[in-house]
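J.: Got a predicted structure plus its sequence, pasted below:
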Amino acid sequence: MTEWLHMGGYAVYVWSSYGIFLAVLAVNVLGARRAHRSAKRAARRRLERNGI
Amino acid sequence: MFHSLTTPGRFHAFTGRLLPWLSWPAALLIAAGLVTGLYFAPPDYQQGDTVRIMYVHVPSAWVSLFGYVFMAGAGLTALVWHVKVAEAVSIAAAPVGAWFTAVTLATGSLWGRPMWGTWWEWDPRLTSELVLLFLYLGVIALYNAVPDRRKAARAAAILMLVGVVNVPIVHFSVEWWSSLHQGPSVSKLDAPSIHVSMLVPLLLMALGTTLAFVAVTLERARAHLVESEMGKRWVKELVRGTDS
């Protein structure tokens, strides 16, 4: 297990790369969902304000 | 069917149903790619375990290029045929593509440092990919700088189209000029010159990342449409609780 984490001495390069990739993926997925949710929230607020 | 998809309300509903069919396969493909790439794939006889960086670097690079063409294609459609949905998709794609371009550059650096002894070189492949990032950021900045949405989208689309010439430059840079970066092993007019034990995680990650790009872009496009069509009936019906 430690040998695998060690990545032949290149651990910092390999794990940083995967960490960056997965972090960016998460930021994009969560960010997109948040953008959609807040757009709908804003629309709902406007609807309630203006009636109908 | 395709004609109705250009109606914002129908596009929003349709993509809402489509999204799980993109995001679940994306998650599974990426998970499978991570396991095969990090564990089952062998180390390289020259590069050792740093070769595993390929399984995130190359898919990100492919998506950065595919994403740009996707964005520019949607931009062209919006510009020429005045399709609002295409406009939303093109604007939505820009930040996502920019992120993957940044990941390509960062992971490339992390691979280059141990293998080439340098974080960066003004090499044709690296430089043209950096230019790609600037183009993405330029599109985003331009869109945000123009107050009128329609004009902003039109200006952004023109920049997208001007920049599309950079995509083949990035791809062919390693063939046209002498480059530190290795040449194409997969996307060329020949059988892939890469062992299957490495090709499998690479393709799993490439497909998964591409589906993730499309899913994220479509969700952003939906958000953009809700925002820009706020007064319309389909949005009112949406927030009253029928659609998702």
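T.: Great, that's in hand.
J.: Alongside chain B, which residues does chain A contribute?
T.: Contacts of chain A with chain B, taken as C-beta under 8 Å from any C-beta of the partner chain, map to A:4, A:7-10, A:13-14, A:16-18, A:20-21, A:24-25, A:27-29, A:32-33, A:35-36, A:38-40, A:42-44, A:46-47, A:52. Using the backbone N, CA and C atoms, a C-beta is placed for each residue, glycine as well.
J.: Mind doing that once more with 6 Å?
T.: By the rule C-beta under 6 Å from any C-beta of the partner chain, the part of chain A lying against chain B is A:7-8, A:10, A:13-14, A:16-18, A:20-21, A:24, A:28, A:32, A:35-36, A:39-40, A:43-44, A:46-47.
J.: If we ignore the residues flanking it in sequence, what's nearest the spatially most central residue of chain B?
T.: What sits nearest the mean C-alpha location of chain B, by C-alpha atoms, centre = their mean, is B:Gly67, with 3.1 Å. The shortest distance from B:Gly67 to any non-neighbouring residue, by C-beta to C-beta, 6 or more residues apart in numbering or on different chains, is to B:Gly97 (3.4 Å).
J.: Contacts only, for the one you found.
T.: Counting by C-beta atoms under 6 Å, 6 or more residues apart in numbering or on different chains, B:Gly97 makes contact with B:Gly67, B:Tyr68, B:Met71, B:Tyr136.
J.: Distance of the closest residue to B:Val63 other than its chain neighbours relative to B:Val58?
T.: Spatially, and ignoring its direct neighbours in sequence, B:Val63 is nearest to B:Phe100 (4.6 Å; C-beta to C-beta, 6+ apart). Distance of B:Phe100 to B:Val58, given as C-beta to C-beta, to the nearest Å: 11 Å.
J.: neighbour-wise, which of these two wins?
T.: Each of B:Phe100 and B:Val58 has its neighbours counted (other C-beta atoms under 10 Å in any protein chain shown); B:Phe100 has more, 32 against 20.
J.: I'd say the more buried one and B:Ser60 touch.
T.: Yes: counting by C-beta atoms under 6 Å, B:Ser60 is a contact partner of B:Phe100 at 4.8 Å.
J.: Give the full set of residues in contact with A:Lys40.
T.: For A:Lys40, the residues meeting the contact criterion (C-beta under 6 Å, 6+ apart) are B:Val226, B:Val239.
J.: And it, how far from B:Thr6?
T.: For A:Lys40 relative to B:Thr6 (C-beta to C-beta), the value is 21 Å.
J.: Show me how far the top helix by length along chain A is from its chain's centre.
T.: In chain A, assigned by DSSP state H, the helix with the most residues is helix A:11-50. Computed by C-alpha atoms, centre = their mean, to the nearest Å, the chain-centroid distance of helix A:11-50 equals 5 Å.
J.: What residues sit buried inside that helix?
T.: A:13-15, A:17-18, A:20-21, A:24-25, A:28-29, A:31-32, A:35-36, A:39-40, A:43-44, A:47 (16 or more other C-beta atoms under 10 Å in any protein chain shown).
J.: Can you pull out the low-pLDDT segments for the chain?
T.: In the absence of a named chain, chain A is used. A:51-52 (pLDDT under 70).
J.: nope, chain B please
T.: Within chain B, the stretches with pLDDT under 70 are B:1-3, B:189, B:242-244.
J.: where does it come near chain A, residue by residue?
T.: Within chain B, the positions lying close to chain A (C-beta under 6 Å from any C-beta) are B:48-50, B:52-53, B:56, B:96, B:99, B:103, B:106-107, B:110, B:114, B:216, B:219-220, B:222-223, B:226-227, B:230, B:235-236, B:239.
J.: among the residues you listed, which are in strands?
T.: Using DSSP state E to define strands, no part of the residues of chain B next to chain A is located there.
J.: Out of the residues you listed, list just those in helices.
T.: Members of those lying in helices (criterion: DSSP H): B:56, B:96, B:99, B:103, B:106-107, B:110, B:114, B:216, B:219-220, B:222-223, B:226-227, B:235-236, B:239.
J.: Need phi/psi at B:Asp44.
T.: phi -80, psi 150 (degrees, to the nearest 10).
J.: Quick check: nearest residue in space to it, chain neighbours excluded?
T.: Nearest residue to B:Asp44, sequence neighbours excluded (C-beta to C-beta, 6+ apart): B:Val51, at 3.8 Å.
J.: Pretty sure the one you found sits against B:Pro42.
T.: No: B:Val51 is beyond contact range of B:Pro42, at 8.6 Å (criterion: C-beta under 6 Å).
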